[in-house]
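Visitor: sequence first, then the predicted structure, then my questions.
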Amino acid sequence: AQSVTQLGSHVSVSEGALVLLRCNYSSSVPPYLFWYVQYPNQGLQLLLKYTSAATLVKGINGFEAEFKKSETSFHLTKPSAHMSDAAEYFCAVSGSNTGKLIFGQGTTLQVKP
Amino acid sequence: EAGVAQSPRYKIIEKRQSVAFWCNPISGHATLYWYQQILGQGPKLLIQFQNNGVVDDSQLPKDRFSAERLKGVDSTLKIQPAKLEDSAVYLCASSYHVDPFNEQFFGPGTRLTVL
C-alpha cells in the first residue's frame, strides 16, 4: 500500500523568503513521486517529478525537490517566494503499473508582501 | 495543444437528483482518469480508463456512480441519485498511456454542490 503525508496544511512565508513544503511517503515498491500545484478554480499542474534518474529534481517556476530514501521524504523548496506562488500544493506517489496517483491532503501556501 | 476540457464548470442540484459531467482529454491520450476532490483534501481516484476499457474502478461507489468512455475519447461521469456528501470538485485528467511515471494533465474541474 502507498500513502503520502504532507506536514502542515497551511504555510505562510514572506515574499523573498525560503519556501519549504514537507512530504513524506510510504511505499512497498520503488516510488515515483510528484508535486502538483493548484491555483484557485483551476486544475492541477505538474511542478516536478522524481523517477529515480536523480535525487535532486528541478521543476518549473524555480521549485526543486530532493528525494531522500532514508527519510522517506520528498520535500519541495524554493529559495525565494514570489506572490504568484500562493496556491495549493499536492504531493503524490505512484508505484503501481496503472499509474494511479495517491495524493496527500495538500498544503496551502500563503505569501505575504 | 488544447488541454483537458470539462463541462459544466459548476453545478448545483438537490439531493436525490441526477447529474452528469463530461470530459474531453488531450488528443492522443489513451488513459483517462476521474478524480473526486472534497474540500480540504487531495484528489481521490474514482475510475481510470485505458482507451475504452476500465483499468481501475475500485473506489467508485458503483451503487450511484457510473462512468463510460465510448470510442476511447470523451468520457461521462454520472451520479444518480446524488447525496450531500457528493459535494466536491470532479477532476478529469489524461495521460499518454498507462505508466507510473507519466505526467497526468488535469482539466479545470466541475464543482458540484448538492443541497
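Guide: Done, it's in. Here the structure is a predicted model, which means the values were calculated and not measured.
Visitor: pairing partners for whichever strand or helix holds A:Ala92, with directions?
Guide: Following DSSP states H and E, the helix or strand that holds A:Ala92 is strand A:87-94. Using DSSP bridges, strand A:87-94 pairs in its sheet with strand A:32-38 (antiparallel), strand A:102-103 (antiparallel), strand A:107-112 (antiparallel).
Visitor: which outside residues touch it?
Guide: If you take C-beta atoms under 8 Å, 6 or more residues apart in numbering or on different chains as the criterion, strand A:87-94 is touched by A:2-4, A:6, A:21, A:23, A:25, A:27, A:31-40, A:44, A:47, A:74, A:76, A:100-104, A:106-109, B:42-43, B:100-101. Backbone N, C-alpha and C define where each C-beta goes, glycine included.
Visitor: tabulate the strands paired with strand A:87-94 (JSON lines), appending mean neighbour count and mean pLDDT.
Guide: Compiled in JSON lines, the strands paired with strand A:87-94 are given as follows (neighbours: other C-beta atoms under 10 Å in any protein chain shown; pLDDT from 0 to 100):
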{"stretch": "strand A:32-38", "mean neighbour count": "24", "mean pLDDT": "95"}
{"stretch": "strand A:102-103", "mean neighbour count": "22", "mean pLDDT": "94"}
{"stretch": "strand A:107-112", "mean neighbour count": "16", "mean pLDDT": "97"}
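Visitor: in TSV, list those along with distance to B:Cys92.
Guide: Shown next, in TSV, are the strands paired with strand A:87-94 (distance: least, C-beta to C-beta, whole Å):
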stretch	distance to B:Cys92
strand A:32-38	14
strand A:102-103	15
strand A:107-112	23
